[in-house]
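K.L.:
Provided below for reference: sequence and predicted model.
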Amino acid sequence: MKLTLPMMALASGMGAVLFVFGAVTPARAQESHIGGVTGHAPAGKEAYRRFCVGCHGPAGDGNGENAMWIDPKPRDFTLAAFKCRSTPTGTLPTDEDLFNSMTRGFVTTNMPPWRPLTQQNRADLVAYIKTFSPRWRTARPGTPITIPAEPAVTIASILHGREMFQNLECWKCHGAAGHGDGPSSHTLTDNKENPVRPYNFETGSRFMCGVTNRDLYRIFMTGLDGSAMPSFADQIKPADAWDLVHFLRTLQSIQTPEAAIWKTWLATHAGELKPIGPEGGQR
Amino acid sequence: MRRSNRFWWSGVAVLAGLLLGKAAMTGRAAPPPAAGRISGTVTYTGTPPKMRPIDMSKEPNCVTQHPTPVMTENVVTGAGSTLRWVVVYISAGDQPTSPPTEATRYNQKGCLYIPHVLALQVNQPLDIYNEDPHSHNIHPLARVNPEWNKSQPKGAPPIHTKWEEPEFIPVKCNVHPWMHGYFAVLRTPHYSVTGEDGTFSLAGLPPGKYTVTAWHEQFGAQRQEVTVGDGQSKTISFVFTARPY
């Protein structure tokens, strides 16, 4: 076949189109979709350089100029391992997961809630954060875990949750009373070998990834990737998971419905309980 | 024009068939190449770090499983300056093969990873067992593959998984900070992990030119180009420079 001049022009034109679109495709592919809002990485880059770069760094690797003063260390976006997800451990979070994390901030860390930014700003930032790891170009977010409806809080549910706290050895890190002072608490490290602390349930009303019972359920079923907190999804049946949620609520320093039921029961049954720890936990 | 082309090709086919048939009849077909082998020893020069006893007092179950203290395994040496836990494998020149279908096993027992370094192929099934009477969490710090972190209480069924990309993946247990091991995920079926005598053997190699890589978790990686002839056995050695820290 002989190449004619119009064909050559067409081919070079297509090449130019491919070149131009090829150059912007990675950014275009890095959009975010949160509700009806579409976030764009180029706009997110501008916001990132204003609000995020100080801690997370220009390369998104958590080595911003403030990082040396911060504990726990800022998230390294190049590893694409995120703590607060609705998706199973080892999978990418959804856009909403990242948006919610940014909006909520992280209790007991230096990451504040970014609610003052507009929804569009935050959506743009989510799109830009996804440009730091190549995993976003090859893998899709995981399928969010299914959370069944919460059953009623009963003393049986709380007591079973307490047994799980003992048998699954939550106390080894979180401590017998949930104060984050278990025997393994002082040697925990994250995925970059930086020291981290287990959550102290006396902290207040906020957990690491939310405030509701569903948030608490999600935390131990998905695990907090990158941190020391593993996923228990393969080990806990959904009904049992709610029992653990109900017991964990009794460890908080705030007034919860679970704590009220627990205190009433304890007033007459405290002697029946073995303390949580190496040999304990049973009634 | 088209018809004469077809005629010409059919002629070639008949001629080739005749020639092949004759070769088969007279037994002149080339025999399949005999498999070759690359073997040798891994040693070190310099001063390696001392192996230290592990304090497992945080986990009484594991203390009772070990009558004598267990030593750290990041640098294990043998008599004659040999080096253990070195992964020696074909890193280039190999033919692509499909991964084995049988699962390879990784154990947690006595608060140790057994083996300390597990070599396996990309997409090979991997079963992780907890044989201890208490919980572990398995936290592979993958960078190319997805990083995950799963709890495995006592009596829990094995975790079935696999790795899709070649990578040397450190694995740790957050509850027992001394637990430390590696998954060596390789494309090749030709690999060997050295024992305390430092020896390795890569068998079943068709004739060809290969790159052989030796990887150690603390002393890095080395490469050598090796050409293996028909049924030939080649002996090579790797010498790592040990640093005490």
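P.N.:
Okay, I see it.
K.L.:
Assumed residue B:225 was part of a helix.
P.N.:
No. Secondary structure assignment (DSSP: H, G, I helix; E, B strand; the rest coil) places residue B:225 in strand, not in a helix.
K.L.:
In space, what's closest to residue A:139 - neighbours in sequence excluded?
P.N.:
residue A:92 (5.7 Å; CB to CB, 6 or more residues apart in numbering or on different chains). Using the backbone N, CA and C atoms, a C-beta is placed for each residue, glycine as well.
K.L.:
again but with residue A:111, I slipped
P.N.:
residue A:105 (5.0 Å).
K.L.:
hmm, back to that, pull the contacting residues for the residue nearest to residue A:139.
P.N.:
Contact analysis of residue A:92 by CB atoms under 8 Å, 6 or more residues apart in numbering or on different chains lists A:80, A:82, A:135, A:136, A:139, A:140, A:141, A:142.
K.L.:
Just give the closest residue to residue B:146, not the sequence neighbours.
P.N.:
Using CB to CB, 6+ apart, the nearest residue to residue B:146 is residue A:90, at 4.2 Å.
K.L.:
actually residue A:85, sorry about that
P.N.:
Excluding its sequence neighbours, the residue lying closest to residue A:85 (CB to CB, 6+ apart) is residue A:93, at 4.0 Å.
K.L.:
Next, count neighbours for that neighbour.
P.N.:
Taking other CB atoms under 10 Å in any protein chain shown as the criterion, the count of residues near residue A:93 is 25.
K.L.:
Look up the pLDDT of it for me, please.
P.N.:
As predicted, residue A:93 sits at a pLDDT of 98.
K.L.:
these two touch, right, it and residue A:140?
P.N.:
No. Counting by CB atoms under 8 Å, residue A:93 does not reach residue A:140; the two are 11.2 Å apart.
K.L.:
Buried residues in stretch A:196-207, which are they?
P.N.:
Burial within stretch A:196-207, assessed by neighbour count using 16 or more other CB atoms under 10 Å in any protein chain shown, is assigned to A:196, A:197, A:198, A:199, A:200, A:201, A:203, A:206, A:207.
K.L.:
Can you list the helices and strands that the strand or helix carrying residue A:157 packs against?
P.N.:
Using DSSP states H and E, residue A:157 sits in helix A:155-167. Packing partners of helix A:155-167 (3 or more CB pairs under 8 Å, 6 or more residues apart in numbering or on different chains; DSSP states H and E): helix A:238-250, helix A:257-269.
K.L.:
Any chance of TSV for those, columns mean neighbour count and distance to residue A:40?
P.N.:
Converted to TSV, the helices and strands packed on helix A:155-167 look like this (neighbours: other CB atoms under 10 Å in any protein chain shown; distance: least, CB to CB, whole Å):
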stretch	mean neighbour count	distance to residue A:40
helix A:238-250	22	38
helix A:257-269	14	43
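K.L.:
Pick out the residue closest to the middle of the chain.
P.N.:
Picking chain A for this. With distances taken as CA atoms, centre = their mean, residue A:84 lies nearest the centre of chain A, 1.0 Å away.
K.L.:
ah, no, chain B please
P.N.:
Centre-most residue of chain B, counting by CA atoms, centre = their mean: residue B:119, 3.3 Å.
K.L.:
Residue 209: what's it in contact with?
P.N.:
You didn't say which chain, so I picked chain A. A:83, A:84, A:101, A:104, A:215, A:218, A:219, A:224.
K.L.:
that's the wrong chain, I wanted chain B
P.N.:
Residue B:209 sits next to B:93, B:225, B:226, B:227, B:228 when contact means CB under 8 Å, 6+ apart.
K.L.:
what about the closest residue to chain A within chain B, which helix or strand?
P.N.:
Chain B approaches chain A most closely through residue B:148 (3.2 Å), counting by CB to the nearest CB. Residue B:148 is part of no helix or strand, with elements assigned from DSSP H and E.
K.L.:
doesn't residue A:229 make contact with it?
P.N.:
No. Shown here, residue B:148 and residue A:229 do not form a contact pair, counting by CB under 8 Å, at 11.9 Å.
K.L.:
Please list only the buried members of the contacts of residue B:209.
P.N.:
Of those, these count as buried by 16+ other CB under 10 Å: B:93, B:226, B:228.
K.L.:
Identify the residue nearest the first one in space, chain neighbours excluded?
P.N.:
Translated: residue B:93. residue B:210 (3.8 Å).
K.L.:
Give the buried residues for whatever helix or strand the one you found lives in.
P.N.:
Assigned by DSSP H and E, residue B:210 belongs to strand B:208-216. By 16+ other CB under 10 Å, the buried positions in strand B:208-216 come out as B:210, B:212, B:213, B:214, B:215, B:216.
K.L.:
Who are the contact partners of residue A:73?
P.N.:
By CB under 8 Å, 6+ apart, the residues touching residue A:73 are A:62, A:67, A:190, A:192, A:194.
K.L.:
How about the residues of the stretch 101-250 of chain A by chain B?
P.N.:
Residues of the stretch 101-250 of chain A lying close to chain B (CB under 8 Å from any CB of the partner chain) are A:135, A:139, A:167-169, A:172-173, A:183-184, A:187-189, A:191, A:223, A:225-235.
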